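[1] Pasting a predicted model and its sequence here:
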Amino acid sequence: FHLLDEGVTDRLVKLNVDSVLQMTELVLPGMVGRVEQGKHAAVLNIASAAGLTGSPLLAVYGAAKAFVERLTIAMATEYPKIDFQVHSPYMIVSKLSKIRKPSLTVPTPKTYAKAVVARMGRETHCQAYWAHALQGAIHTRLPQSVVDAAQL
């Protein structure tokens, strides 16, 4: 954490926290209006598995993604007629992840997107891709000391 360049934490918070708050403020009145008209309304947020437990060198990123997860769950409680959903994926093939080839546990963006669409409206927090759900089930049930030891 202390080795991050100046401004990195501010940019991470702006990108991963402030932007979600601003978008929620922008779309929520319209979503409430849709529900009042008897129409369906849904909000989909993307967090990260990095927010599920501590990850070395990802403290601010993980904390920001945990915020997105908690905010979405709280909003689902506050607005029960709007389908709020948050996804916490593990790795996906992308330039950002620097993973170029899909595998059993690393889907392509298209495969992941199909899984997300299939899970819409079913639960508030999920890991849509089956292998991510399995990883998450194991990851979140292990004692934190085991998770920490595996990440070092």
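    Yep, that arrived. Note that the coordinates shown come from a computational prediction; the quantities given were computed from them, not determined experimentally.

[2] So which bits of the helix or strand encompassing Phe67 are buried?
    For Phe67, the element it lies in under DSSP states H and E is helix 59-78. Buried residues in helix 59-78, counted by 16 or more other Cβ atoms under 10 Å: 60-69, 71-73, 75-76. Every residue, glycine included, has its C-beta placed from N, CA and C.

[3] tell me, what residue is most central in the protein?
    Ala47 (1.5 Å; Cα atoms, centre = their mean).

[4] how close does it sit to Thr72?
    Going from Ala47 to Thr72 by Cβ to Cβ, to the nearest Å gives 8 Å.

[5] And Pro143, by the same measure?
    26 Å.

[6] Same check on Lys65?
    Using Cβ to Cβ, we find Lys65 at a distance of 11 Å from Thr72.

[7] which neighbours do the two share?
    Residues touching both Lys65 and Thr72 (Cβ atoms under 8 Å, 6 or more residues apart in numbering) are Ala47.

[8] Give the residues shared as contacts by Ala47 and Thr72.
    Shared contacts of Ala47 and Thr72, defined by Cβ under 8 Å, 6+ apart, are found at Val86.

[9] Helix or strand: which one has Ala150?
    Using DSSP H and E, Ala150 sits in helix 144-151.

[10] Give me the buried stretch members for that helix, please.
    Val147.

[11] circling back: so what touches the helix holding Phe67?
    By Cβ under 8 Å, 6+ apart, the residues outside helix 59-78 that reach it are 1, 4, 8-9, 12-13, 15-17, 20-21, 24, 43, 45-48, 50-55, 82-86, 88, 124-125.

[12] List only buried entries from those residues.
    Among the contacts of helix 59-78, those scoring as buried are 9, 12-13, 16-17, 20, 24, 43, 45-48, 50-52, 55, 82-86, 88, 125 (criterion: 16+ other Cβ under 10 Å).

[13] From Phe84, how far off is the residue of the chain most remote from its centre?
    The outermost residue of the chain relative to its centre, with distances by Cα atoms, centre = their mean, is Gln37 at 29.3 Å. Gln37 is 19 Å from Phe84, where distance means Cβ to Cβ.

[14] Skipping its backbone neighbours, what lies nearest Gly62 in space?
    Using Cβ to Cβ, 6 or more residues apart in numbering and skipping the chain neighbours, the partner closest in space to Gly62 is Ala50 (4.2 Å).

[15] Can you tell me whether I have it right that the one you found is in a strand?
    No - residue state for Ala50 (DSSP: H, G, I helix; E, B strand; the rest coil) corresponds to helix; a strand is not indicated.
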